[in-house]
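**Student:** Okay, structure incoming, though there's no sequence with it:
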Ligand SMILES: Nc1ncnc2c1ncn2[C@@H]1O[C@H](COP(=O)(O)OP(=O)(O)OP(=O)(O)O)[C@@H](O)[C@H]1O
């Protein structure tokens, strides 16, 4: 009986995530299976994506599968916006280069993405090239925005930056992946973001007209019926290579799978390329040059000092954490260091039994660090 059901509908039951399907953003990601068992392959390079559907339909599950693939790509820098205080995306913090959890941080993050986009566009012009070809030295920048509607209502200025990225981000490989329940005008803000979405995953919706809202006007009449999807994770996909309605189901990546996958790839994430870093640097430079100190410390001396200060800040933050626990995001803010550094330091302190992980992305100091 079970064999027959599996044969007829390979996703009658949840389909366990088989692990990352790609190592480069130039390869199509595999997000799940169609009803006939064929994999859902989606090229993501130079594309913006929308994951939409009603609450509980499986958007976050879909975003997790996508992140599982992107975390394994060494030619992708991941940034993310999660205004639910990082609840959804924090488990991926060790693979996310920059995570915004407040409206102000979201606005700053998207403004910086536009700076990068412009810097890359200038670089392409100088080189006489049309598009940014991602590589580990020149990675694509992908910005995942969970609950896009909250961004529109809480950080309306951020929407202008998102709009700019949606319209101009393809050539310089700066792309958006947005998740939202109903991408109505109110939810998306007054911008062209929805119209710019090249890949749309539509999970279960409440009413047929929500299908048109997500997939495009006239799609329900043309046979796309996301209101009939009947289990979490089931979706219809519309993209240049998927233009007929075929029901599919995302793989299921459970919490433990996220933890293991994030930990596995955290150490191999690429750094922001020089072109983008310099564009950000130029944007933050003070207009007037700062007075030079009489004796300038050597770069190495300055670096050692910075690391020492960061280590002290890390220890203090762990010792003073409320409820005896602190998040990776707090530690990044307290130390001013990159995520990878914080993560590595926590691993080292963990081996030395000075800290322990109490929950995903949350750490606490053990007595040794409290009373050195
Ligand atoms: N592919 C899948 N197969 C089986 N179960 C799934 C799948 N995707 C999601 N689920 C289950 O469905 C539930 C809801 O999924 P999820 O949180 O992804 O929904 P959502 O659309 O993001 O909801 P919300 O908008 O409320 O955040 C989860 O408990 C999850 O385990």
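**Tutor:** Structure received. All values reported here derive from a predicted model rather than from experimental measurement.

**Student:** What pairs with the helix or strand that contains residue 31, parallel or antiparallel?
**Tutor:** If you go by DSSP states H and E, residue 31 is part of strand 29-34. Paired neighbours of strand 29-34 in the sheet (DSSP bridges): strand 39-42 (antiparallel), strand 248-252 (antiparallel).

**Student:** Quick one: closest of these to residue 206.
**Tutor:** strand 248-252 (19.5 Å; CB to CB). (C-beta placed from N, C-alpha, C; glycine too.)

**Student:** now the strands for this structure?
**Tutor:** All strands of the chain, identified by DSSP state E, fall at 15-16, 29-34, 39-42, 49-52, 76-82, 98-100, 140-146, 174-180, 199-203, 234-238, 248-252, 326-327, 355-359, 362-365.

**Student:** Can you tell me which helices and strands the last one packs against?
**Tutor:** This points to strand 362-365. In terms of contacts (3 or more CB pairs under 8 Å, 6 or more residues apart in numbering; DSSP states H and E), strand 362-365 is packed against helix 299-319, strand 326-327, strand 355-359.

**Student:** Which among these is found nearest to residue 186?
**Tutor:** Among these, the nearest to residue 186 by CB to CB is strand 326-327 (31.2 Å).

**Student:** In contact with whatever residue of the stretch 151-300 of the chain ends up closest to the ligand: list those residues for me.
**Tutor:** Nearest residue of the stretch 151-300 of the chain to the ligand: residue 233, at 2.2 Å (CB to the nearest ligand atom). Applying CB atoms under 8 Å, 6 or more residues apart in numbering, we find residue 233 in contact with 11, 14, 32, 58, 61-62, 203, 249-250, 252.

**Student:** How is this protein partitioned into domains?
**Tutor:** Annotated domains of the chain cover 2-265, 302-372 [automatic domain parsing].

**Student:** for the shortest one, the distance to its chain's centre please.
**Tutor:** I take that to be domain 302-372. 23 Å (CA atoms, centre = their mean, to the nearest Å).

**Student:** Roughly how far does the residue of the stretch 151-300 of the chain closest to the ligand sit from residue 59?
**Tutor:** Plainly put, residue 233 is 10 Å away from residue 59 if you go by CB to CB, to the nearest Å.

**Student:** would TSV of the strands paired with strand 29-34 with mean neighbour count, distance to the ligand and mean pLDDT be doable?
**Tutor:** Shown next, in TSV, are the strands paired with strand 29-34 (neighbours: other CB atoms under 10 Å; distance: least, CB to the nearest ligand atom, whole Å; pLDDT from 0 to 100):
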stretch	mean neighbour count	distance to the ligand	mean pLDDT
strand 39-42	19	11	97
strand 248-252	24	4	98
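
**Student:** Against residue 187, how distant is the most centrally placed residue in the chain?
**Tutor:** By CA atoms, centre = their mean, the chain has its centre lying nearest to residue 144, at 3.6 Å. According to CB to CB, residue 144 and residue 187 sit 17 Å apart.

**Student:** Please apply the same query to residue 94.
**Tutor:** For residue 94, the distance to residue 187 equals 30 Å [CB to CB].

**Student:** Tell me which of the two has more neighbours.
**Tutor:** Neighbour count, other CB atoms under 10 Å: between residue 94 and residue 187, residue 94 has more, with 25 against 20.

**Student:** Pretty sure residue 339 is one of the things that one touches, is it not?
**Tutor:** Yes: between residue 94 and residue 339 there is a contact at 6.3 Å, judged by CB atoms under 8 Å.
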